[in-house]
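Trainee: Build me a structure from this.
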Amino acid sequence: MNTTSKKSKRWYEHIPHAVVIVFFIIVFVTLLTYLIPAGEFKRMLIDGRNRVIPNSYETIPNTPIGFLDMFKAIPLGFKAAIEVIFVVLAGGIMFGIMERTKAIENAVGTFVKTLGQENKYLAVVIMTFIYGALGVFVGYEHNIAMVPIAAVVALALGGDLLLAAGISVGAITIGFGLSPINPYTVGVGHKIAELPLFSGALLRSILCISALGFLAFYNVRYLKKITKNPDKSLGKGLNIDGISLSKPIKDYTMSINNWLVISAFIIGLASILYGVFNLNWYLNEISAIFLMVAIAAGIIGRMDANTFSDTLLKSVAYVAPGAFMVGFATTIKVLLEMGHISDTISFHLSELLKDLPLHVSAVGMSISQSVINFFIPSGSGQALATLPVMIPSGEVIGLTRQTTILAFQIGDGVSNLINPTLGGLIAMLSMCRVSIDRWFRFILPVAITVFIFSAITLVIAVLIGYN
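Mentor: All right, here's what the predicted structure looks like:
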């Protein structure tokens, strides 16, 4: 019996725990600082941003990382990621308090009752595209407050927390990564390439909608599979305390207090969107609003001080593993900076593309950006570090600037689905209480398929002289 069990073990069951994965990457990057020469591009401050000067790469004295420094980089990673870590904690606190008032549960239960269980697959499709639209138009980490809602809805529809992550985290990541109006990748890229801002939007829009359409299909297929056979759920054993419905759908209604709590949340969300787009707000301001909404929800829900405090600490406990992983993964970025090998990797990957056929070069450029993305997970940071090198290289081999930027966007955006060094991804997964190893099992087929879609789009871009 044991022999049969071992033989039938699936590939994803061999994926180690998220902590193990990240630690292996930390050790691997440390070893790379001994194997890869240190180097850097010269940079010039333009419009307040440090931009790479093309053809300025040069090697510098090696700075290999010692055993002590490898472990020292871990607390430095937490220090560098403190804003992302706290927004995870603040978001968890806000939703914990709101859930204690029963406002979210009653709102979701009423929504599902109104829609009808027979339309649950349609609900999955609609919600996937709604979260995708949030990624396209709002941004990435700015949507962290919306992720736990998907968890409650997915469970109410008979799904699990992996379905919740697919609906929310997957759709936000694809929507943001392939957005035709992404200011951090397309916007910065167009500025560097001196192209009209967000030009070439039609082809990008077709790719983005196609990718979200496939994700919606995949989410529905997964829900059908686990509905038919619950043993196939990848979410077995995950903690659903406080986010699952506690009574039959037909019994749900909304009280005045529930509406007031939901209204406080909507006002907070509107304030965040206004601040992000008009006042240059970022994570610290978002965290502050989350905490204000949490206090408002506690007052509206008539919680006493002890109940509020107890709920707050329990909420922190739920999201603490995700917050830890954000800081732990940021260690990789710290090590790369200490070893001065990021620019070396970027330079040599771009050099490899020069002798390839044009169509292969376009796809190869995207793959190289995917690799670089694991070392430089910031979209705008990666654009500033690599596009000044990639754009001239692309023109030398015959690629239009628009195609080069599309290749960069695809490499950055699609690989974000499986990037353990991306703090925003880890943060949002933690809001769904999903570890990155389980996420890999769920999302890898999507990432591969979307990249194939994207590669075909790049070939089309080359054929039509995309400009």
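
Trainee: tell me the helices in the stretch 251-400 of the chain, going along the chain?
Mentor: 256-278, 283-300, 305-339, 342-352, 358-375, 379-397 (DSSP state H, counting those that start in this stretch).

Trainee: and stretch 150-167, which residues are buried?
Mentor: Across stretch 150-167, burial judged by 16 or more other Cβ atoms under 10 Å covers 150-157, 159-167. For glycine as for every other residue, the C-beta is placed from the backbone atoms N, C-alpha and C.

Trainee: for stretch 123-143, same thing?
Mentor: So for stretch 123-143, counting by 16+ other Cβ under 10 Å, buried means 123-125, 127-129, 131-132, 134-136, 138-143.

Trainee: Next, give phi and psi for the spatially closest residue to Thr59 that is not a sequence neighbour.
Mentor: For Thr59, ignoring the flanking residues on the chain, the nearest one in space by Cβ to Cβ, 6 or more residues apart in numbering is Gly39 at 4.5 Å. With angles defined as degrees, to the nearest 10, Gly39 sits at phi -160, psi 170.

Trainee: got a list of what Gly39 touches?
Mentor: By Cβ atoms under 8 Å, 6 or more residues apart in numbering, the contact list for Gly39 reads Tyr57, Glu58, Thr59, Ile60, His340, Ile341, Asp343, Thr344, Phe347.

Trainee: hmm, 6 Å instead?
Mentor: Shown in contact with Gly39 (Cβ atoms under 6 Å, 6 or more residues apart in numbering): Tyr57, Thr59, Ile60, Asp343, Thr344.

Trainee: and the nearest residue to the fourth one once chain neighbours are set aside, how many residues sit next to it?
Mentor: If the residues on either side of it in the chain are set aside, Asp343 comes closest to Glu40, at 4.6 Å by Cβ to Cβ, 6+ apart. Neighbour count for Glu40, taken as other Cβ atoms under 10 Å: 17.

Trainee: Can you give me the distance of Glu40 to Ser350?
Mentor: Going from Glu40 to Ser350 by Cβ to Cβ, to the nearest Å gives 15 Å.

Trainee: who's in contact with Leu312?
Mentor: Ile93.

Trainee: ok now stretch 52-72, how far from the chain's centre?
Mentor: When distances are taken as Cα atoms, centre = their mean, to the nearest Å, stretch 52-72 is centred 27 Å away from the chain's centroid.

Trainee: what comes up buried for it?
Mentor: Val52, Tyr57, Pro64, Ile65, Asp69, Met70.

Trainee: Lowest-confidence entry in those residues?
Mentor: pLDDT across those is lowest for Val52, at 72.

Trainee: List the beta-bridge partners for that one.
Mentor: Per DSSP bridges, the residues bridged to Val52 are Arg43.

Trainee: Tell me who's in contact with it.
Mentor: Under the criterion of Cβ under 6 Å, 6+ apart, the neighbours of Val52 are Phe41, Arg43, Ala385, Pro388.

Trainee: Of these, which is the nearest to Thr114?
Mentor: Nearest to Thr114, judged by Cβ to Cβ, of the contacts of Val52 is Ala385 at 48.8 Å.

Trainee: As TSV, the helices of the stretch 251-400 of the chain with mean pLDDT and distance to Val462 would be great.
Mentor: Output for these, formatted as TSV (pLDDT from 0 to 100; distance: least, Cβ to Cβ, whole Å):
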stretch	mean pLDDT	distance to Val462
helix 256-278	90	35
helix 283-300	93	38
helix 305-339	88	32
helix 342-352	79	18
helix 358-375	86	5
helix 379-397	76	11
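
Trainee: mind checking which of the ones you listed is nearest Val188?
Mentor: Judged by Cβ to Cβ, the one of the helices of the stretch 251-400 of the chain that comes nearest to Val188 is helix 379-397, at 4.2 Å.

Trainee: List the contacts of the helix or strand just after that closest one.
Mentor: Per DSSP states H and E, the first helix or strand lying C-terminal to helix 379-397 is helix 401-415. With Cβ under 6 Å, 6+ apart as the test, helix 401-415 has contacts from 177-178, 185-186, 189, 193, 195, 200, 362, 365-366, 369-370, 373, 379, 382, 390-391, 394, 450-451, 454, 458, 461, 466-467.

Trainee: for the next helix or strand after helix 401-415, what is the average pLDDT?
Mentor: Remark: after helix 401-415, the chain's next helix or strand is helix 423-431, criterion DSSP H and E. Mean pLDDT, helix 423-431: 88.

Trainee: likewise stretch 206-222?
Mentor: pLDDT averaged over stretch 206-222 gives 97.

Trainee: Going by neighbour count, which residues in that stretch are buried?
Mentor: Buried residues in stretch 206-222, counted by 16+ other Cβ under 10 Å: 207-212, 214-216, 218-220, 222.
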